[in-house]
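# After the sequence you'll find the predicted model.
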Amino acid sequence: MNQVQKEAYFERMKLAVSDTTGEKELSMLIRAHLEHIPFENLTVYDFHQVPDLAEEALFDKIIVQKRGGYCFELNSLFLALLRELGYDAYPIAVRIIWNRPALPPVAHMGVIVREAGKRYYCDVGYGGPGPKGLVHLREGVQEIYGDTFRVTTVDTDYRIERLHRGEWEGILQFEDHLFREVDFMPLNFTAATNPEGLFTRKRVLYIYTPDGSKSLLDMEFTRRENGEIKKTVYRNCEELKKGLLDEFGISI
């Protein structure tokens with residue numbers, strides 16, 4: 001990623017360009033990313049294509065075309081930005097354990113950043129109930145943008161849990177070691193082609209807002225704002241296209 005691309009990336013996130021690094025700056029980057037670049041699987045669901053994970057292709061799609069992507073796309077490009085900014089960052093393979101009765105295989109990409117003697121989990125590509133900001137990788141409870149999370153260890157894994165209605169529920173689990181970018185290619189292919197997988201069966205979009213979130217599941221749009229939930233069902237393709245543009249900034 002070059003200087004011009006970095007500036008365009010910051011503009012996409014509605015941030016002033018800065019080369020300052022640190023915990024505060026990293027947290028701000030993650031939050032801005034989540035609020036301005038949507039999680040979406042239109043390439044897979046609507047166009048029946050396997051997303052290209054090459055950096056130039058990701059930059060064109062996410063920054064130039066103002067689209068979004070799913071974990072392998074969003075976190076890959078975000079990793080490139082972090083490295084350009086000078087962060088010590090590397091990708092990891094993650095298990096999504098939310099609502100899973102047994103330990104599932106790795107099927108998600110996250111990013112670890114080592115900064116000032118600390119390690120942080122960063123994730124701008126999870127459209128589910130995961131952390132909406134920076135997670136400090138140390139055992140214990142931490143508040144992240146109004147939600148309560150807990151980091152524990154299970155054997156050699158880190159486990160991230162969320163407090164929901166008084167109960168701890170597992171969200172993510174992973175080992176803290178480098179998983180090379182090339183090794184995400186078969187995981188990406190499987191996610192985009194598995195007929196039993198979520199992304200080939202349902203249209204999924206998600207973006208955070210300062211006061212909640214907006215999501216789309218197939219043709220049902222949901223807005224969560226200050227604890228209130230409002231739903232709208234798009235009746236045809238024209239309403240869907242308008243919703244994608246008005247609510248997610250995506251022009252198809």
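Thanks, I have the structure now.
# burial count for residue 47?
Burial of residue 47 is recorded as 10 neighbouring residues (other C-beta atoms under 10 Å). To be clear about C-beta, it is placed using only N, CA and C from the backbone, and glycine gets the same treatment.
# Next: residue 139.
Other residues near residue 139 number 10, with proximity taken as other C-beta under 10 Å.
# show me the contacts for it.
By C-beta atoms under 8 Å, 6 or more residues apart in numbering, residue 139 lies in contact with 151-153.
# can you give me the strands in the stretch 1-150 of the chain?
Assigned by DSSP state E, counting those that start in this stretch, the stretch 1-150 of the chain shows strands spanning 39-40, 88-96, 108-115, 118-122, 135-136, 140-144, 147-154.
# Same list, the ones you listed, but as CSV with distance to residue 221, mean neighbour count and mean pLDDT please.
Output for these, formatted as CSV (distance: least, C-beta to C-beta, whole Å; neighbours: other C-beta atoms under 10 Å; pLDDT from 0 to 100):
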stretch, distance to residue 221, mean neighbour count, mean pLDDT
strand 39-40, 13, 24, 98
strand 88-96, 24, 20, 98
strand 108-115, 25, 22, 97
strand 118-122, 28, 18, 97
strand 135-136, 29, 18, 97
strand 140-144, 26, 13, 96
strand 147-154, 23, 15, 96
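# Might you report the residue contacts of the residue nearest to residue 123 when sequence neighbours are not counted?
Sequence neighbours aside, residue 110 is the residue nearest to residue 123 in space, at 4.9 Å (criterion: C-beta to C-beta, 6 or more residues apart in numbering). Residue 110 makes contact with 71, 75, 91-94, 121-123, 172, 174, according to C-beta under 8 Å, 6+ apart.
# Going by distance to residue 186, which of those residues wins?
Nearest to residue 186 among those: residue 93, at 11.2 Å, using C-beta to C-beta.
# and the gap between the closest one and residue 38?
23 Å (C-beta to C-beta, to the nearest Å).
# of all the strands of the stretch 1-150 of the chain, which lies closest to residue 237?
Among the strands of the stretch 1-150 of the chain, strand 39-40 sits nearest to residue 237 (C-beta to C-beta), with 16.3 Å.
# Against which helices or strands is the closest one packed?
Packing partners of strand 39-40 (3 or more C-beta pairs under 8 Å, 6 or more residues apart in numbering; DSSP states H and E): strand 204-209.
# ok, 10 Å please
Packed against strand 39-40 by the contact rule (3 or more C-beta pairs under 10 Å, 6 or more residues apart in numbering; DSSP states H and E) you find helix 71-85, strand 204-209, helix 237-248.
# got a list of contacts for that strand?
When contacts are defined by C-beta atoms under 10 Å, 6 or more residues apart in numbering, strand 39-40 is touched by residues 46, 67-71, 73-74, 124-128, 199, 203-208, 215-216, 244, 248, 250.
# change it to 7 Å
Strand 39-40 is contacted from outside by 68-70, 74, 125, 127, 205-207, 248, 250, using C-beta atoms under 7 Å, 6 or more residues apart in numbering.
# Just give me how far it sits from the chain centre.
8 Å (C-alpha atoms, centre = their mean, to the nearest Å).
# Repeat that for stretch 138-147.
Using C-alpha atoms, centre = their mean, the offset of stretch 138-147 from its chain centre is 18 Å.
# Quote the end-to-end distance of it.
Criterion C-alpha to C-alpha, to the nearest Å; first-to-last residue distance in stretch 138-147 is 17 Å.
# same deal with stretch 153-172?
Stretch 153-172 has its terminal residues 11 Å apart, counting by C-alpha to C-alpha.
# in it, what's buried?
Neighbour-count burial for stretch 153-172, with 16 or more other C-beta atoms under 10 Å as criterion, is recorded at 157-162, 170-172.
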